[in-house]
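>>> With the input below, show me the fold.
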Amino acid sequence: MNERRHDFELLQCFARHGEQSAFADVVRRHLDLVFATALRKLEDPGAAQEVAQNVFTALARKAWRFAPDDSLPAWLHKAALLESKSWLRGELRRRRREETAAELGTTMKTPDERPAFNALVPLLDEALLSLREKDRTALLLRFYESQSLRDVGASLGLGEDAAQKRVQGALENLSQFFQRRGFKTATVAASAAALQHTAASASASTVTIVVNAALQSAPPALVGLTAWLARLASLTKAQTAMVCLVVAAVPVGLQFSEQRSASSEVDRIRTRLLMAQNESALVHNEIDRLRATSEKFQSALSLAAENVARDASEVRKFEEWKAKIRARLTAADYRWPDDSPFVRIPKSALKEISSRLFSPISPPGVIKSEARELFGLTPQEREQIEAGLQQHFAAMDDLIQSHIYETNKASLDAASAHVTVPKYAVASKVWNIPTLGEEAQTRGNELQLAMQNVLGDERWQLVKAQLESNGTDTLRSILMLDAGKQAQEIAVWINERDGKSLVMFGYAGPNGAYSVGDVALNLFLPDALNAPESDPREYIGVRNLPVSVRQRMMDWIQRQAMARLGKETVR
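Numbering: from 1, shown residues only. Prediction:
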């Protein structure tokens, strides 16, 4: 258990319950400390014993005042010093110190060559009182009560190593005190030797005498008013006078106590007032913060009210617009105002309109704006369909790359149309694409199924009408849905007319044959192709062809343009 706590519990048992054995334990634990201190100051064992009695008598009277954190050894040491001073005269003690200092000088030697630590003894108690309470307590427990470092640490709430450091630090401070008083060579060892030399143990008889004297002089409880009166009657005249003086001093003491209590109460009231002022300042700050927050909330509420009003206005306008549109949709004459970007048409006309839509899709899979508007595609639907178209065109282009070959004559199936290159052509090139087989057919069917799943049955009927239209520039031809069953032929040639070189293009496939052109060859020179205002590919109808075929044609035409109009030779 913590030694300081143990002392407090023993004193509480004595003060509250009158347990004399508890007070006797306190005396036994600390008598050596008090006796050694008094003996060092008085150099008389009898006087030291009487001082010890007076110190523990005072302790018995004041046992109720001690708190758990108070250091009893430090209090006893100081009380022993104060009690010892009543036995000495200040002038005698000061003269003895001056004589000792004059004899020692700075050599730490007395005239009779006594040990150096003896010269430190007269200043030892003053040096101890200069220390902090915990340091002083550590030295008193270690040297005057002969406790181990572990016990010293337990008393101070420290470990053994920490207690050793505390004792060592206290000894260093003690030696520094001596050095400041003129003992220049005072060391830690000399300080420790002075403490050990002045330690003394009281005899068992001394313990008994001190305990009995303290308990008799300050009993923990009175036995009653009758016993007190009998005791008073047996007193001598001098003792009776002393009692009267004590009784007379009681009102003065009470008044002094009341004055101290009043002063303490004033201090408490001032402290409370200061705390109240601080709390008031905090409350005012909090009120200011809440007021600012409230203003922000009011501003937010006003803004929200404005938003609600604006939303209500927008809702009202939207309802008016819906009513206006509904009236127009249900009108018998189907007439819409001229400022509207839309017109109303019956669903029965959509099939006819969609079938006449020219090239709704462009390779490599882009849906034209008029087709998107006609089919009412959402951004997500458009993204899904164009992704499927791009995958389809890429796959078909790979198939064409693996099957296409060049020739100078038509080699299509007998039942198919073919391109007729005129005999007056100055240069020509023909490419044949044989039937691409089951793989091309499967990819075409998968594309149609994917588009139908996205569009739904109603809109799919419009696309289906496009796919059923025959021709060389229809949606069916652009998607190459019949490339798996029938061959295709593409040709390009150059005519000379009126001193000009003209480019012609011919195509023959499952849906027939056609030829277009008469485009000036100089438009295919590099400078003309880079001009943003013209694109000769529009005039020869090759935008809807697969990439692999289109690139071959453009490369051949550009080489011809450079050879005939530029500086390159024909390859």
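
>>> How about L72: what's its closest non-neighbour residue?
Excluding the flanking residues, the one nearest L72 by C-beta to C-beta, 6 or more residues apart in numbering is D7, at 4.4 Å. To be clear about C-beta, it is placed using only N, CA and C from the backbone, and glycine gets the same treatment.

>>> now the longest helix belonging to the chain: mean pLDDT?
Criterion DSSP state H: the longest helix present in the chain is helix 237-329. For helix 237-329, mean pLDDT rounds to 83.

>>> Can you give the distance from the strand or helix carrying the residue nearest to L72 to the centre of its chain?
Assigned by DSSP states H and E, D7 belongs to helix 3-17. Centroid separation for helix 3-17 versus its chain: 51 Å, with C-alpha atoms, centre = their mean, to the nearest Å.

>>> Buried residues of it, list them for me.
E3, R4, H6, D7, F8, L10, L11, Q12, C13, F14, A15 (16 or more other C-beta atoms under 10 Å).

>>> what's it packed up against?
If you count contacts as 3 or more C-beta pairs under 8 Å, 6 or more residues apart in numbering; DSSP states H and E, helix 3-17 packs onto helix 20-42, helix 72-85, helix 149-156.

>>> Need the contact partners of that helix.
19-20, 22-23, 25-26, 29, 60, 63-64, 66-72, 141, 151, 154-157, 220 (C-beta atoms under 8 Å, 6 or more residues apart in numbering).

>>> If we use 7 Å, what do you get?
The contact list for helix 3-17 (C-beta atoms under 7 Å, 6 or more residues apart in numbering) reads 19, 22-23, 25-26, 63-64, 66, 68, 71-72, 151, 154-155, 220.

>>> if we can go back for a sec, from the buried residues of helix 3-17, pick the one nearest L39.
D7 (22.6 Å; C-beta to C-beta).

>>> How is this structure divided into domains?
Here the chain is described, according to automatic domain parsing, as comprising the domains 3-221, 232-344, 347-403+438-480, 408-435+486-571.

>>> pLDDT (mean, whole number) over the shortest one?
Put plainly, it is domain 347-403+438-480. On average, domain 347-403+438-480 scores 81.

>>> what distance separates it from the middle of the whole chain?
Using C-alpha atoms, centre = their mean, the offset of domain 347-403+438-480 from its chain centre is 55 Å.

>>> Likewise for the first one?
How far domain 3-221 lies from its chain's middle: 56 Å, per C-alpha atoms, centre = their mean.

>>> From the contacts of helix 3-17, keep the buried residues only.
Using 16+ other C-beta under 10 Å as the burial test, the contacts of helix 3-17 include A22, F23, D25, V26, A63, F66, S71, L72, D151, A154, S155, P220 as buried.

>>> outside of the helix or strand containing D397, which residues touch it?
Here D397, judged by DSSP H and E, is contained in helix 379-403. Identification of contacts with helix 379-403 by C-beta under 7 Å, 6+ apart yields 361, 363-367, 372, 433-434, 436, 439-440, 443, 447, 450-451, 454, 480, 483, 546-549.

>>> Can you get me a residue count around A440?
A440 has 21 neighbours, counted by other C-beta atoms under 10 Å.

>>> Hmm, G484 and it touching each other?
Yes: in this structure, A440 is within contact of G484 by C-beta atoms under 7 Å, at 3.5 Å.

>>> Let me know whether Y514 touches A508 as I believe.
No: the pair Y514 and A508 does not pass the contact test of C-beta under 7 Å, sitting 8.1 Å apart.

>>> higher neighbour count, the two?
A508 (23 against 16).

>>> three-state assignment of that one?
The three-state assignment at A508 reads strand, by DSSP: H, G, I helix; E, B strand; the rest coil.

>>> Read off the pLDDT value for it.
Confidence at A508, expressed as pLDDT, is 81.

>>> ok, what's across the strand from it?
E489, A513 (DSSP bridges).

>>> Distance of it relative to H418?
5 Å (C-beta to C-beta, to the nearest Å).
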